[in-house]
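Colleague: Dropping a prediction and its sequence here:
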Amino acid sequence: MVPPKEYFYYLKTAFKKNHVHGYMIGHKANRKICIYAEGDKWIVSEVRRGVAVSPTEYNLDNIWHACEDIIARLARDEKHRKKIWMDWASPSNWAEKMDEPLSIRVISREEAAEIIKQRNNNHNVCSKDEDLRRMTDEQEELCIEVLRRILSKEFSASNYSVGGYKEDAVCIQESEQSWMVYVGYRNTKDDLTEYSNVVEACIGMIRVITGGNKMRINKLVDLFFSMIILNREQFEAKDRNAKDDL
């Protein structure tokens with residue numbers, strides 16, 4: 001169980017980053033929107049002269065929704081709320097998942113680069129980028145499946161969409177000539193970025209959904225490449241065995 005101070009630390013950080021004022025976290029304060037514990041409940045409310053005005057109560061194990069409530073009350077508009085929520089929810093969700101490691105062998109980005117380099121030498125290919133492009137052409141479905149598995153472990157399903165549009169979610173979608181990463185907002189593709197290949201798009205989505213947290217980006221990108229390489233090696237081994245059987 002993640003302690004409340006973890007949620008509140010990320011909440012305060014998100015408020016500061018997005019220039020939010022007029023709040024108090026952890027206790028009451030006059031003329032502010034507050035989130036605090038009272039008895040066996042979390043309370044989210046404006047406080048005037050020491051009295052809670054229009055309070056909403058949440059069970060102690062429902063701190064996530066309490067935090068979402070105060071974000072909604074303090075945001076200037078829906079777009080502002082989404083930015084605050086993303087900066088808060090990504091690291092908070094990460095903290096919740098820290099004790100649920102993925103059951104795969106993780107290798108570093110340096111090891112991944114070395115494997116790609118060795119394969120390039122074997123195939124007389126000089127450029128790692130060219131190898132990556134070839135990998136995306138051959139194994140786009142694998143890349144998307146690996147991304148989907150990572151996202152399902154690290155984030156709530158309501159926060160992302162793989163393959164199509166979803167409201168209030170980070171989305172990755174293939175178009176006729178590119179891969180798109182965007183945030184679904186009022187039936188529009190907000191903050192749209194287009195990528196020439198699926199690997200770049202997957203990394204772009206990781207950057208967006210983590211809120212730009214460098215530690216999380218590096219960890220998940222390393223995990224992405226590790227899983228791609230390990231699965232690709234397995235597929236190549238199966239192909240060789242199948243050819244040997246012919």
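Modeller: That came through fine.
Colleague: So which residues of this protein form helices?
Modeller: When assigned using DSSP state H, the helices of the chain occupy the ranges 4-17, 63-74, 78-97, 109-122, 128-154, 198-209, 214-245.
Colleague: If you average pLDDT over each of these, which is lowest?
Modeller: The minimum mean pLDDT among those belongs to helix 109-122 (a mean of 54).
Colleague: Nearest residue to the middle of this protein?
Modeller: Against the mean C-alpha coordinate of the chain, by Cα atoms, centre = their mean, the closest residue is residue 209 at 3.2 Å.
Colleague: neighbours around the nearest residue to that one once chain neighbours are set aside, how many?
Modeller: In this structure, residue 209 finds its nearest non-sequential neighbour in residue 170, 4.5 Å apart by Cβ to Cβ, 6 or more residues apart in numbering. The C-beta positions use only the backbone N, C-alpha and C, and glycine is treated the same way. Taking other Cβ atoms under 10 Å as the criterion, the count of residues near residue 170 is 26.
Colleague: Residue 180 is in contact with residue 191, isn't it?
Modeller: No - under the criterion of Cβ atoms under 8 Å, residue 180 lies out of contact with residue 191, with a separation of 10.6 Å.
Colleague: So for these two, which sits in the more crowded spot?
Modeller: Counted by other Cβ under 10 Å, residue 180 and residue 191 do not tie: residue 180 has more neighbours, with 18 against 13.
Colleague: any idea how far the nearest residue to that one once chain neighbours are set aside lies from residue 187?
Modeller: Leaving aside its chain neighbours, residue 180 sits nearest to residue 173 (5.0 Å; criterion: Cβ to Cβ, 6+ apart). Plainly put, residue 173 is 14 Å away from residue 187 if you go by Cβ to Cβ, to the nearest Å.
Colleague: just residue 57 next, same as before
Modeller: Between residue 57 and residue 187 the distance is 34 Å, computed by Cβ to Cβ.
Colleague: the more surrounded of these two?
Modeller: When residue 57 and residue 187 are compared for neighbours, residue 57 comes out ahead with 15 against 7, by other Cβ under 10 Å.
Colleague: can you tell me which residues contact the more buried one?
Modeller: Listed by Cβ atoms under 8 Å, 6 or more residues apart in numbering, the contact set of residue 57 reads 41-43.
Colleague: re earlier: mind checking pLDDT for the residue nearest to residue 180?
Modeller: pLDDT at residue 173 comes out at 94.
Colleague: Can you tell me how far it is from residue 78?
Modeller: Taking Cβ to Cβ, one finds residue 173 at 22 Å from residue 78.
Colleague: Compare neighbour counts for those two and give me the winner.
Modeller: Set side by side, residue 173 and residue 78 show unequal neighbour counts under other Cβ under 10 Å, the larger going to residue 173 at 19 against 12.
Colleague: my read: the more buried one touches residue 163, true?
Modeller: Yes - Residue 173 lies in contact with residue 163 (Cβ under 8 Å); the separation is 6.2 Å.
Colleague: Which of the contacts of residue 57 fall in strands?
Modeller: Using DSSP state E, the members of the contacts of residue 57 that fall in strands are 41-43.
Colleague: Just the closest of those to residue 14, please.
Modeller: Sorting the ones in strands among the contacts of residue 57 by how near they are to residue 14, with Cβ to Cβ, puts residue 42 at the top with 17.5 Å.
Colleague: Run a quick neighbour tally on the closest residue to residue 79 other than its chain neighbours.
Modeller: On the basis of Cβ to Cβ, 6+ apart, the spatially nearest residue to residue 79 that is not a chain neighbour turns out to be residue 185, at 6.8 Å. Using other Cβ under 10 Å, residue 185 has 15 other residues around it.
Colleague: Tell me the bridge partners for residue 185.
Modeller: Bridge pairing for residue 185 (DSSP bridges) gives the partners residue 188.
Colleague: contacting residues around residue 41?
Modeller: Under the criterion of Cβ under 8 Å, 6+ apart, the neighbours of residue 41 are 57-60.
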